[in-house]
Each structure stands twice: as C-alpha cells, then as structure tokens.
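J.: fold the following and give me the result.
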Amino acid sequence: MKYEIAIPEFAEGAEEINLRQWLVAIGDTVKKGDNIAEAATDKISIYIESPADGVLSATLAAEDDRVLVGQIIGEIEG
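T.: Just a heads-up that it's a prediction; the model follows:
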C-alpha cells in the first residue's frame, strides 16, 4: 500500500514552509511516527513524521523547496 507524506498544519494561519532536509533517503525503512524530514519558517522548525511503517519510495519535494500546508512531499510503500 502507498502512503502519502503531507505537510501538516503547523501554525494558525501559516500557509507555506521551507523543506530544510530529508532525514531519510529513498529506500530507507521507516516506522510510523519516525521523523523523516525537517521544515522551517523564519520563526519555527518542525519535523515531518512518517504516516506509516514502510520504505520511503519517493520524494516529491527537494531540500530548500517552499511547500504548502497539505502538499504531498513524498511517498512510503508499506
């Protein structure tokens, strides 16, 4: 099964954030709740968690990309 990794709501009224870095690489095994990416605005940093157990199969946003809340940035094959 394929699971989408989306940017969560992280602050009221915030619409976009900078994807700072992926903490795992394509092909890495992850568990639900693992931190898999870091994102930041000029005021806060957040970690993006894995939505499921599986393997990171795709990254749809690159490091330093500006991404929107709710945008799909990657996929996990579980």
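J.: ok, and the closest non-adjacent residue to the most centrally placed residue in the chain?
T.: For the chain, the residue nearest the mean C-alpha position is I48 (4.4 Å; Cα atoms, centre = their mean). Leaving aside its sequence neighbours, I48 sits nearest to A37 (Cβ to Cβ, 6 or more residues apart in numbering; 4.1 Å). (C-beta placed from N, C-alpha, C; glycine too.)
J.: the one you found pairs with what?
T.: Assessed by DSSP bridges, A37 has beta-bridge partners W22, I48.
J.: that one - how many residues pack around it?
T.: By other Cβ atoms under 10 Å, the residues close to A37 number 24.
J.: could you check which helix or strand contains the residue nearest to E75 when sequence neighbours are not counted?
T.: Nearest non-adjacent residue to E75, counting by Cβ to Cβ, 6+ apart: A58, 4.3 Å away. Using DSSP states H and E, A58 sits in strand 54-59.
J.: ok, then the element right after that strand?
T.: Counting by DSSP H and E, what follows strand 54-59 is strand 66-68.
J.: what lies in contact with that next one?
T.: Applying Cβ atoms under 8 Å, 6 or more residues apart in numbering, the contact partners of strand 66-68 are I7, E15, E16, I17, N18, L19, A39, A61, I73.
J.: need the CA coordinates for the following helix or strand past it. CSV is fine.
T.: Following strand 66-68 in sequence order, the next helix or strand is strand 72-77 (DSSP H and E). The C-alpha trace of strand 72-77 is given here as CSV (Å, rounded to 0.1, in the frame of the first residue of the first chain):
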residue,chain,number,x,y,z
ILE,A,72,2.4,15.9,-0.7
ILE,A,73,6.1,15.8,-0.4
GLY,A,74,6.8,12.1,-0.6
GLU,A,75,5.5,8.5,-0.6
ILE,A,76,6.0,5.5,1.6
GLU,A,77,5.4,2.0,0.3
